[in-house]
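Novice: I would like the atomic coordinates for the input below:
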Amino acid sequence: MTGRAPTTGRRAEPWRQRLIRGLLYGRNVDRAAKARARVGLAILAFAVVYAVLAGRLVMFAVGADSHGARRAASQDAIATARPDIVDRNGEVLATDVKAPSLFGEPRRIIDKDEAIELLTATLPDLDTAEVRDRLSSRKGFVWLKREITPKQQQNIHRLGIPGIGFLRENKRVYPTGAEVAHLIGLVNIDNQGIAGMEKWLDNNGLADLHRAGFATDRLQKPVELSVDLRVEHALRDELLKAREKYKARAASGLVSNVKTGEIVALVSLPDFDPNNPREAHDPERINRLTTGVFEMGSTFKALTLAMALDSGKATLTTMYDARGALQYGKFTIHDTHPLGRSISLSEVFTFSSNVGAARIALGQGVEAHKAFLKKLGQLDRLRTELPESASPILPRRWSELNTITIAFGHGIAVAPLQAVMGINAVVNGGYLIPPTFLKRSEEEASAIAKKVIRSETSEKMRYLMRLNAEIGTARQADVKGYYIGGKTGTSEKVVGGRYSRKQVLNSFTAIIPADNPQYQLLVMLDEPKALPETHGFITSGWNAVPTGGKVIARIAPILGIEPRFDLPPSDRLILAASRTTQ
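Specialist: Model (predicted):
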């Protein structure tokens, strides 16, 4: 026998396996218990995975909005959220609501013909050819109809068509309807601003926020406008009545704070309901106060006389020859109500003398006239928050004849809001303040105001406007207790290349109150017709002025202007505070 040790049935374990086993299980570990633990861990992992999958399926089933949203993100625009727009008192003018929209996923639709037939039967206004074209595309997502009603959503849901779903979008609504249409503007189907303050919002950062994904629902601060919905309603109501009464082609008006430049109300008729965007495309429904430019007629005489007084070359008592018509070359300038004598500068304003205004402007000279109007912002395009604006129409070559006609508001066409800005400067102490549709304090206005005429000139102009309400063409707007001042304007419209006496644009501008103006009112009537009560006349004093008086009676209490009675006439109340009565 040899000395070899007996062998057992078990082969010795290599050192590498012993090392691995030791690292995995350690020493003296029950491998059966460890195996059971591993099986349990695997079961738990599978349970978590299936729970996540089940949760996602439930989300897809009850929340098709987010499902459609992801698909739509790269294919079609989704209506984004916008901030509320409110008036100066917090009344909502524009807000977002949620509305369902119908979409399709062409790749998931089994029977396209059946789907098209069912959808067009449920929504008869759907265009069959368009729906077929969209559902036949290779896109993963297509819109079929935006902003459907809950009832329509319910009916389509009951059809159970695979690949057809709904997405809740933001829909812009305007609770006040047409009340502030031209000011607010409107949005397109994707909730993007395309006019008015809505477009201004997008142009001033909202569109960038949307692209960056920061403009989420209800996280945006409301935009506060300067408009007062109460004043807006009263102005629009009176303009609607006046347009109907005088059979006018159009009517418009605005109320401006002369010390801040805030626009408190703006109405242009015919207007439109921004909830029904199709109306906005009618060319007759433009905003005449910012988009339109017009010859403003005799209201421009306020600027002509302010120029003369501010230059120091004329006083309230300076006399001008108005004994007859003014002949300039082949052109003849007439007065509507000629006095047949020399008249003072005050009388030029009170009796609205074209001849007198022309002689005043000629006395200043062409260059001085141009410079003054430019200083008051009448020769450049007026820029405000509203994107819709127009450049003034000016003479190609400004001659003495142009100065003559522009002196009484013909031969130059400006936006009415532009003229209001100029007259504000004439009566507020001489400060040119850019108009705004946003809330602005007097301190903020003072910081951007520009002194354009002397305070003494402004005082004399307030006197002249009050005098015109006492004895001149603005008498029918002199509402007792409010001490208004005013100026009328009747500009003949150009028809067939010639001025027509039967087609006129009438305007009336009023300041409230005249001794310390707070607000300016502008009323415009386009092509009013004569009535028996106007004795056949169509001039401003017979229609725009009484309309302005009715507006003032309604808005003055709203604006917080307290009535004052038994006040002295303008020469004692206004001129008494002036350094000189000349």
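Novice: And the pLDDT for E388?
Specialist: We have a pLDDT of 86 for E388.
Novice: Tally up the residues packed near it, please.
Specialist: The number of residues packed near E388 is 17, by other C-beta atoms under 10 Å. Placement of C-beta: from N, CA and C, glycine included.
Novice: before we move on, what about G140?
Specialist: G140 has 15 neighbours, counted by other C-beta under 10 Å.
Novice: Surely it and E105 touch.
Specialist: Yes. With contact defined as C-beta atoms under 8 Å, G140 reaches E105; the gap is 6.1 Å.
Novice: Just checking the distance from stretch 40-57 to the centre of its chain.
Specialist: Between the centre of stretch 40-57 and the centre of its chain there are 55 Å (C-alpha atoms, centre = their mean, to the nearest Å).
Novice: contacts for that stretch?
Specialist: Counting contacts by C-beta atoms under 8 Å, 6 or more residues apart in numbering, no residue outside stretch 40-57 touches it.
Novice: Longest strand in this protein, please.
Specialist: The longest strand of the chain (DSSP state E) is strand 498-512.
Novice: For that strand, which strands pair with it and how are they oriented?
Specialist: Note on strand 498-512: by DSSP bridges, its sheet partners are strand 485-495 (antiparallel), strand 519-526 (antiparallel).
Novice: how about the last one as PDB, C-alpha atoms only?
Specialist: Taking only C-alpha atoms (Å, rounded to 0.1, in the frame of the first residue of the first chain), the coordinates of strand 519-526 have been written out as PDB:
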ATOM      1  CA  TYR A 519     -60.700 116.200 -18.200                       C
ATOM      2  CA  GLN A 520     -61.200 116.900 -21.900                       C
ATOM      3  CA  LEU A 521     -64.100 115.400 -23.900                       C
ATOM      4  CA  LEU A 522     -64.000 115.000 -27.700                       C
ATOM      5  CA  VAL A 523     -67.200 114.100 -29.600                       C
ATOM      6  CA  MET A 524     -67.200 113.500 -33.400                       C
ATOM      7  CA  LEU A 525     -70.100 112.900 -35.800                       C
ATOM      8  CA  ASP A 526     -69.300 111.900 -39.300                       C
END
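Novice: Tell me the helix or strand right after it.
Specialist: Using DSSP states H and E, the helix or strand that follows strand 519-526 towards the C-terminus is helix 544-558.
Novice: mind listing what Y483 touches?
Specialist: 466, 512-515, 564, 567, 573.
Novice: would it count as being in a strand?
Specialist: No. Judged by DSSP: H, G, I helix; E, B strand; the rest coil, Y483 forms no part of a strand; its state is coil.
Novice: show me where the stretch 201-350 of the chain has helices.
Specialist: With DSSP state H, counting those that start in this stretch as the criterion, the stretch 201-350 of the chain has helices at 207-212, 229-245, 301-311, 345-350.
Novice: The second one - contacts with which helices or strands?
Specialist: Other helices and strands packing on helix 229-245, by 3 or more C-beta pairs under 8 Å, 6 or more residues apart in numbering; DSSP states H and E, are strand 250-257, strand 263-269, strand 519-526, helix 544-558.
Novice: List the buried residues for that helix?
Specialist: Of the residues in helix 229-245, 229-236, 238-239, 242-243, 245 count as buried by neighbour count, 16 or more other C-beta atoms under 10 Å.
Novice: The residue positioned nearest the centre of the chain and Y463: what is the separation?
Specialist: By C-alpha atoms, centre = their mean, the mean C-alpha position of the chain lies nearest to L183, the distance being 2.8 Å. Remark: distance between L183 and Y463 (C-beta to C-beta, to the nearest Å) = 33 Å.
Novice: mind checking how far I433 is from S507?
Specialist: Distance from I433 to S507, by C-beta to C-beta: 21 Å.
Novice: More neighbours: the two, which one.
Specialist: Neighbours were counted for I433 and for S507 using other C-beta under 10 Å; S507 has more, 31 against 25.
Novice: Spatially nearest residue to that one (excluding sequence neighbours)?
Specialist: Closest residue in space to S507, ignoring its immediate chain neighbours: G489 at 4.1 Å, by C-beta to C-beta, 6 or more residues apart in numbering.
Novice: check contacts around the one you found.
Specialist: Going by C-beta under 8 Å, 6+ apart, the list of residues near G489 reads 296-300, 409, 506-509, 540.
Novice: Ok, L559 next?
Specialist: Taking C-beta under 8 Å, 6+ apart, one finds 228, 231, 255, 264, 512, 518-519 in contact with L559.
Novice: what's the pLDDT at it?
Specialist: So, for L559, pLDDT stands at 97.
Novice: separation between it and V227?
Specialist: 13 Å.
Novice: Pull up the overlap in contacts between these two.
Specialist: In contact with both L559 and V227: V264, using C-beta under 8 Å, 6+ apart.
Novice: Quick one: mean pLDDT for stretch 448-467?
Specialist: On average, stretch 448-467 scores 96.
Novice: same thing with stretch 202-215?
Specialist: pLDDT averaged over stretch 202-215 gives 61.
Novice: For A544, state which of the buried residues of helix 229-245 is nearest.
Specialist: A544 lies nearest to A242 out of the buried residues of helix 229-245, by C-beta to C-beta, at 7.9 Å.
Novice: give me every residue that touches R501.
Specialist: Here R501 is in contact with E492 (C-beta under 8 Å, 6+ apart).
Novice: Next, work out how far apart it and T539 are.
Specialist: R501 is 10 Å from T539, where distance means C-beta to C-beta.
Novice: Quick check: which element contains V479?
Specialist: Applying DSSP H and E, one finds V479 in no helix or strand.
Novice: which residues sit in contact with T539?
Specialist: Neighbouring residues of T539 by C-beta under 8 Å, 6+ apart: 336, 488, 490, 504, 506.
Novice: Using TSV, lay out those residues together with distance to K199 and neighbour count.
Specialist: Shown next, in TSV, are the contacts of T539 (distance: C-beta to C-beta, whole Å; neighbours: other C-beta atoms under 10 Å):
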residue	distance to K199	neighbour count
T336	42	13
T488	35	27
T490	34	27
V504	33	22
N506	31	27
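Novice: Could you identify the least confident member of the residues you listed?
Specialist: Comparing the contacts of T539 by pLDDT, T336 comes last, at 85.
Novice: give me the number of residues near E470?
Specialist: E470: 17 surrounding residues under other C-beta under 10 Å.
Novice: Contacts only, for it.
Specialist: Contacts of E470 (C-beta under 8 Å, 6+ apart): 478, 569-570.
Novice: do that again at 7 Å, thanks
Specialist: Residues in contact with E470 (C-beta atoms under 7 Å, 6 or more residues apart in numbering) are 569-570.
Novice: same check, this time on V255
Specialist: 231, 235, 264-265, 519, 521, 555.
Novice: Which pair in the residues you listed has the greatest spatial separation?
Specialist: L235 and Y519 (11.5 Å).
Novice: Identify the residues contacting V173.
Specialist: So V173 contacts 95, 97, 275 (C-beta under 7 Å, 6+ apart).
Novice: Straight-line length of stretch 122-135, end to end?
Specialist: Terminal residues of stretch 122-135 lie 17 Å apart, using C-alpha to C-alpha, to the nearest Å.
Novice: follow-up on the earlier one: who wins for proximity to S455 among the helices of the stretch 201-350 of the chain?
Specialist: Of all the helices of the stretch 201-350 of the chain, helix 301-311 comes closest under C-beta to C-beta, at 10.4 Å.
Novice: which helices and strands does the closest one pack with?
Specialist: With contacts taken as 3 or more C-beta pairs under 7 Å, 6 or more residues apart in numbering; DSSP states H and E, helix 301-311 sits against helix 345-350, helix 354-364, helix 366-375, helix 416-427, helix 455-471.
Novice: Great, nothing more from me.
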